[in-house]
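[1] build me a model:
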Amino acid sequence: MKGPRFIWGRIGWTVLLAGLGLFVALGVRDRPTQHAVALANHTAFETNITHTLHLPLVMDGYVPPSGRLCRFGVGAGRDIATYPVNSLRMGWYVDWTVTSNPSRPGGITYMPTVRLQQTGPDSYAYSPGLDVLSATVRALSGATWLIGNEPDRRRWQDSLEPHVYAQAYHDLYYLIKGWDPTAQIAAGGIVQPTPLRLQYLDMVLESYRERYGEPMPVDVWNIHAFILRERSCDCYPEDCWGAEIPPGIEACEGMLYEIQDNDNLEIFKQNIERFRRWMADRGYQNRPLIITEFGVQMWPDLGFLPERVNAYMNGTFDYLMTVTSTLGYPADEYRLVQRWAWYSLSDDHFNGWLFDPNTKARTVFGDNFAAYTAQVSPTVNLKPVRVWTEPALPFSNGEPVTVTLLAYVVNNGNITASGPTTIRFYEGHPDQGGTLISEQIISPLDGCASGATVSVTWSSVPSGSHIVYAVVDSADTIPESDEGDNILGERILVATQRMFLPAVLKGQP
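    Next up, the predicted model:
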């Protein structure tokens, strides 16, 4: 949310409650907070104690890295390390900015956000600047980069017209990939996946294709999942609380959610499924989906008492943890969402904050979060999800050829694998006399369908058809929740003939 986010909130506009004659200020969320992490000053002192006493190490709330749940995250400020977050077992966080040396208490993952600003009809600026961004990308190798924060939020947040967001995304995608080819680039960051917001994204995709002549490359799709009214302040200046109308779209209203819908679990589910359907229809089903903000913004005096907020937290967690669909991400056992971040760690201008920003003590919401994650069993599940060759169709003039074999391997459990993983390639099934081609060792894989591409060289391959298998952890050195899906076979054809067909362009002379 952060920054002047919603006209109704994050910047402090008011909502007129008809019948009550009551104006409710819905708060300010200046995200990210600009407070630096305070470092305690420890003063050295002398003592005359001459005996050594050995005590057991007790770390209240400590969670070893292997127990951190990659699916659970939070929206937090740069001061996250000043809060006792270990008890939450969360695996990642966002702070709505680019922090070159981010706090990572307990080794949790950090996702930086490149902020955008439209500076003219067809121009934009981004923050931080080129030098800082370049250095940070290199320092955070393999990070997931969020491009923009609510670019669909008119006037507040990043507020870009679709064609300008398409341009910014293109430029930053190739900049970041050039500095770090292992980086993952996340598109979107929309306030909520309503039809109006999906129209905005359709305009982004269309603009990208028209300008660059190719589909928009997206490693990860990113959304926020709030439930807010969509009404234009130009059309309804006295009643435009919520998420407003996206820039570039001329409409007076979209989804007219009510205040009491802010924690409507059925609407939350509908919106998530709507977005996954949108992804599938546009060729992005084989991409992860993350939610970088969701929660309850409305205050207790509007009826959103702690038990109601916690019930919504539990309901959304249950849904995100358990629901699969044919629309889901195939590499993650068809789960709809791979990671989600509750809003927020400590922003008490809204509801559901997990820690008191002054005392750093856990709140009733933080207690509920911690109680939920404490019941989640840690799992690791390694599996190959794709095997292919380069070139895609090897060709032989009758002599044996050299082929590059590749496999994409994921861990769709919820914690990091306990150690490095060995991937072996075989011609023929390894349990039925298959021949070992080669093997590769990769670093421990994070969970949530995080993956890695491995490649080996296969020499002296004769022409014809071959069945190649990729096997992950064939020695069973890593405990897994499912040991039965560690192998994947694919037919590889080394062709001896090629057919060239004329290009036919419909409608061209």
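[2] domain map for the chain?
    14-33+60-374, 382-494 (automatic domain parsing).
[3] start and end of the shortest one, how far apart?
    This means domain 382-494. Using C-alpha to C-alpha, to the nearest Å, the end-to-end distance of domain 382-494 comes to 29 Å.
[4] equivalent analysis for stretch 301-311, please.
    With C-alpha to C-alpha, one end of stretch 301-311 sits 17 Å from the other.
[5] buried residues in that stretch, which are they?
    302, 304, 309, 310 (16 or more other C-beta atoms under 10 Å). Every C-beta, even on glycine, is put in place using the N, C-alpha and C of the backbone.
[6] is residue 448 in contact with residue 73, as I believe?
    No - at 10.0 Å, residue 448 and residue 73 do not qualify as touching, with contact defined as C-beta atoms under 8 Å.
[7] who touches both of the two?
    Common neighbours of residue 448 and residue 73 are listed as 91, 339 (criterion: C-beta atoms under 8 Å, 6 or more residues apart in numbering).
[8] how close does residue 446 get to residue 144?
    Distance of residue 446 to residue 144, computed by C-beta to C-beta, to the nearest Å: 11 Å.
[9] shared neighbours, those two?
    residue 109.
[10] what about the residue nearest to residue 248 when sequence neighbours are not counted, neighbour count?
    Closest residue to residue 248 apart from its sequence neighbours, by C-beta to C-beta, 6 or more residues apart in numbering: residue 161 at 3.9 Å. Residue 161 has 23 neighbouring residues, counting by other C-beta atoms under 10 Å.
[11] over to residue 395?
    Quick note: residue 395 (other C-beta under 10 Å) scores 13 neighbours.
[12] tell me the contacts of it?
    401, 494, 495, 496, 498.
[13] in contact with the residue nearest to residue 248, which residues?
    So residue 161 contacts 118, 247, 248 (C-beta under 8 Å, 6+ apart).
[14] ok, now residue 469?
    387, 425, 426, 427, 428, 429, 430, 434, 487, 488, 489, 490.
[15] kindly state the pLDDT recorded for residue 58?
    Confidence at residue 58, expressed as pLDDT, is 34.
[16] same check, this time on the one 10 residues further on
    Looking at residue 68, its pLDDT is 94.
[17] same check, this time on residue 34
    Here the pLDDT value assigned to residue 34 is 27.
[18] how about the one 5 residues further on?
    Reported pLDDT at residue 39 in the predicted model: 21.
[19] what of the one 10 residues further on?
    According to the prediction, residue 49 has pLDDT 28.
[20] for the protein, what helix or strand is lowest in average pLDDT?
    strand 22-25 (a mean of 29; mean pLDDT, DSSP states H and E).
[21] give the next helix or strand downstream of it.
    Sequence-wise, the next helix or strand downstream of strand 22-25 (DSSP states H and E) is strand 69-75.
[22] okay, now the sheet partners of that next one, with direction.
    strand 90-94 (parallel), strand 339-342 (parallel) (DSSP bridges).
[23] can you tell me the average pLDDT over the last one?
    Mean per-residue pLDDT for strand 339-342: 98.
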